[in-house]
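[1] Okay, sequence plus prediction incoming.
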Amino acid sequence: MKHIIILILLFSVKLISAQDLQFYQEDLNFKIEENYFHVSGLYYFRNTTSEKIKRRLFYPFPQNTIYSKADSIFVIDLQDSLAEVNLQSNLQGSFFTIHLAADTTAIYYIGYRQELKETKAEYILTTTQNWRIPFEQVNYTLKFPKEFSLDSISYMPDSLREESDKYIFFWHKENFMPDKNFIVDYKKLEEISNGRKQ
């Protein structure tokens with residue numbers, strides 16, 4: 001049953017054999033704030049055919065008991081007067097339908113937040129492999145509060161900016177096919193201090 005669920009949790013429910021629809025870029029902002037992981041950003045799609053495309057997609061959420069159910073979910077079509085797209089959501093993710101005119105591109109603004117029961121955050125990247133082509137480029141940022149201590153991160157950032165209350169990490173990649181999810185492990189400094197006192 002678990003394997004069946006994994007097969008369903010593809011970004012595209014239908015395998016795209018002819019590459020008529022391409023998911024070619026994403027620009028995402030991640031933020032860890034208190035006990036929540038916030039995700040929002042732009043997702044770029046391309047219709048390479050001479051016909052209109054209507055495609056139902058699946059946007060997956062991490063499946064682990066250390067994460068609560070995602071909330072504050074939205075999908076907005078930036079090409080259609082900022083129209084919010086109808087969603088059907090469950091614990092595994094959200095279904096939504098995109099529309100692209102012939103030989104054109106579309107940008108969708110998508111976001112959600114997820115409560116963290118432990119000090120670990122995750123964004124699913126590996127489903128990109130189901131599109132069979134790498135991203136042409138990606139741009140990611142992570143806002144990380146200074147009251148937390150970073151233990152590990154699955155992709156090393158390209159640069160870092162320090163602000164009064166947080167660090168901002170930056171990534172830029174080209175021809176990028178993810179081989180792992182975006183995962184951040186951290187500790188709260190108060191927990192570290194308490195551990196030293198014991």
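    That came through, no problem.
[2] Distance of the residue sitting nearest the centre point of the chain relative to residue 53?
    Nearest residue to the geometric centre of the chain (C-alpha atoms, centre = their mean): residue 123, 4.9 Å. In this view, residue 123 and residue 53 are 26 Å apart by C-beta to C-beta, to the nearest Å. C-betas here are computed from N, CA, C, even on glycine.
[3] Residue 107 too?
    15 Å.
[4] swap in residue 62?
    For residue 62 relative to residue 53 (C-beta to C-beta), the value is 28 Å.
[5] Check residue 75 too.
    Taken as C-beta to C-beta, the span from residue 75 to residue 53 is 16 Å.
[6] okay, those two: which has more neighbours?
    residue 75 (22 against 18; other C-beta atoms under 10 Å).
[7] Could you check the pLDDT of that one?
    In this model, residue 75 is scored at 94, pLDDT.
[8] So which elements touch the helix or strand hosting it?
    Element membership for residue 75, per DSSP states H and E: strand 67-77. Strand 67-77 sits against strand 83-84, strand 93-100, strand 105-116, with contacts defined as 3 or more C-beta pairs under 8 Å, 6 or more residues apart in numbering; DSSP states H and E.
[9] The helix or strand following the shortest one packs against which elements?
    In the C-terminal direction, the helix or strand that comes right after strand 83-84 (DSSP H and E) is strand 88-89. Helices and strands touching strand 88-89, by 3+ C-beta pairs under 8 Å, 6+ apart, are strand 93-100.
[10] pLDDT below threshold where in this structure?
    Within the chain, the stretches with pLDDT under 70 are 1-19, 81-83, 190-198.
[11] rerun at 90
    Filtered on pLDDT under 90, the chain yields the residue ranges 1-19, 34, 63-65, 79-87, 89-91, 188-198.
[12] What segments of it are strands?
    21-33, 36-47, 53-60, 67-77, 83-84, 88-89, 93-100, 105-116, 120-123, 135-145, 148-153, 159-162, 166-176, 182-188 (DSSP state E).
[13] Most tightly packed of the ones you listed?
    Most buried of those by mean neighbour count (mean count of other C-beta atoms under 10 Å) is strand 120-123; its value is a mean of 21.
[14] That one pairs with which strands?
    Sheet pairing for strand 120-123, assigned by DSSP bridges, gives strand 182-188 (antiparallel).
[15] In contact with residue 162: list those residues for me.
    residue 168 (C-beta atoms under 8 Å, 6 or more residues apart in numbering).
[16] partner residues bridging it?
    The partner residues for residue 162, given DSSP bridges, come to residue 167.
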